[in-house]
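**Q** Could you look at this predicted model? Sequence included:
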Amino acid sequence: MFSDTINYNKGMIKKLNESNENNNNMKNSSIIPDWRNIENGLEIPAKYYADQPYLLKADDGAWVCVVTTNIAEEGKPGQCIISTRSMDMGKTWSEPVLIEDCDGRESSYAVIYKAPYGRIYVFYNHNTDNIRKVKADNPPYIDGYCYRVDSLGYFVFKYSDDNGKTWSKKRYNIPVREFRIDRENADRGRVKYFWNVGKAFEYNGSAYVPLHKVGGFGDGFFTKSEGALLKSDNLLIERDPEKIRWETLPEGDIGIRTPAGGGPIAEEHSFLVLSDGSFYVVFRTVDGHPCEAYSRDGGKTWEPSRYKRYADGRLMKHPRAANFVWKCKNGKFYIGFIIMEERDTKTEIRHGFV
């Protein structure tokens, strides 16, 4: 496994050099490219499959980026998370650092968060028990097992006290309270199914990390899902990772789901805090529309979710794809969503303000 890790690093360095060369060529060009065209973007180094490149600015001014990557396709063995730094706003990147070894136990879907005193946390899935298959619906899984195992195990974190240059050797499990969706899965909760794409955030002295709980595997991969929040009331100030406290929200036995009568999929929740302290969340479904919900008590309880609408009352159409919400410095809220153009089978990205 050590030689595999070395070979992986060599491949990463080669890819890094190619990325930096392409970025330098663009930097030296006299033509000002259209930043909206993805072909004109500056490449973040990864190896073949790359997902969820989350960035933040470290205290030394560097951009720190964590990426879920793989030498094969998404979900295949060898999937792991890496970090890299840029001191020139993404034009070039440092040699990637393996946050977890590529030892066959999948580490996936990392998000990062910086505490006020500069420590950087990375939260992610880890298949610690090296489970190689999980019970699934038949059909579509002919033998009744799914062999993609990157969305189960433990939700964990590591941290960096040197601005993302190195990471703690030890990983720390986050205790996640069991919901009904966990007890009703094929393993009766003995194995937890989940993942996360939502950014961590802070409110009123506490840190919040999203989590998407999964109820089973079958058609479309996940057959049931709902949202949760992991709240820590002392992560912002506690420097001993063993003493960080966690609480699973919302209260009760059920997470953030689709409206009554809606489909079984509610996932990839994206949260923000409104000016009055309310929490707002948007998430994807299989119902043809994205959903939204509000909490007025710090995530403990949530108003019934509803399908998103435009200002004129029309329902917003949307496939089973991420739709994220951001708060801009000018005070506006920005939502990114996808509309399927059926007449010419083209997918077009459109954006809306709320």
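**A** Nice, I can see it.
**Q** Low-confidence ranges, the protein, go.
**A** For the chain, residues meeting the criterion pLDDT under 70 lie at 1-32, 339-354.
**Q** which residues touch stretch 157-165?
**A** 58-60, 62, 64, 83, 85, 97, 99, 118-124, 166-168, 170-172, 174, 241 (CB atoms under 8 Å, 6 or more residues apart in numbering). Every C-beta, even on glycine, is put in place using the N, C-alpha and C of the backbone.
**Q** and residue 74, how far is that from residue 330?
**A** Taking CB to CB, to the nearest Å as the measure, residue 74 falls 36 Å from residue 330.
**Q** what about the residue lying closest to residue 131 once chain neighbours are set aside, is that helix, strand or coil?
**A** Sequence neighbours aside, residue 149 is the residue nearest to residue 131 in space, at 5.4 Å (criterion: CB to CB, 6 or more residues apart in numbering). The assignment at residue 149 comes out as coil when based on DSSP: H, G, I helix; E, B strand; the rest coil.
**Q** mind listing what the closest residue to residue 173 other than its chain neighbours touches?
**A** Nearest in space to residue 173, with sequence neighbours left out and distances taken as CB to CB, 6+ apart, is residue 154 at 5.0 Å. When contacts are counted by CB under 8 Å, 6+ apart, residue 154 touches 125-126, 128, 173-174, 192.
**Q** Tell me the secondary structure at residue 104.
**A** coil.
**Q** and the nearest residue to residue 135 once chain neighbours are set aside, how many residues sit next to it?
**A** Distance criterion CB to CB, 6+ apart; nearest residue to residue 135, sequence neighbours excluded, is residue 186 at 3.6 Å. Neighbourhood size, residue 186 [other CB atoms under 10 Å]: 18.
**Q** Tell me where the stretch 101-250 of the chain has helices.
**A** 180-183 (DSSP state H, counting those that start in this stretch).
**Q** Isn't residue 197 up against residue 322?
**A** Yes: Residue 197 is in contact with residue 322 according to CB atoms under 8 Å; the separation is 6.4 Å.
**Q** re the thing from before, just the buried residues of the contacts of residue 154.
**A** 125-126, 174, 192 (16 or more other CB atoms under 10 Å).
**Q** Which one of those residues is nearest to residue 249?
**A** Checking the buried ones among the contacts of residue 154 against residue 249 by CB to CB gives residue 174 as the nearest, at 13.1 Å.
**Q** what's the offset of stretch 297-308 from the middle of its chain?
**A** With CA atoms, centre = their mean, to the nearest Å as the basis, stretch 297-308 stands 20 Å off its chain's centre.
**Q** Since that was my last question, I'll sign off now.
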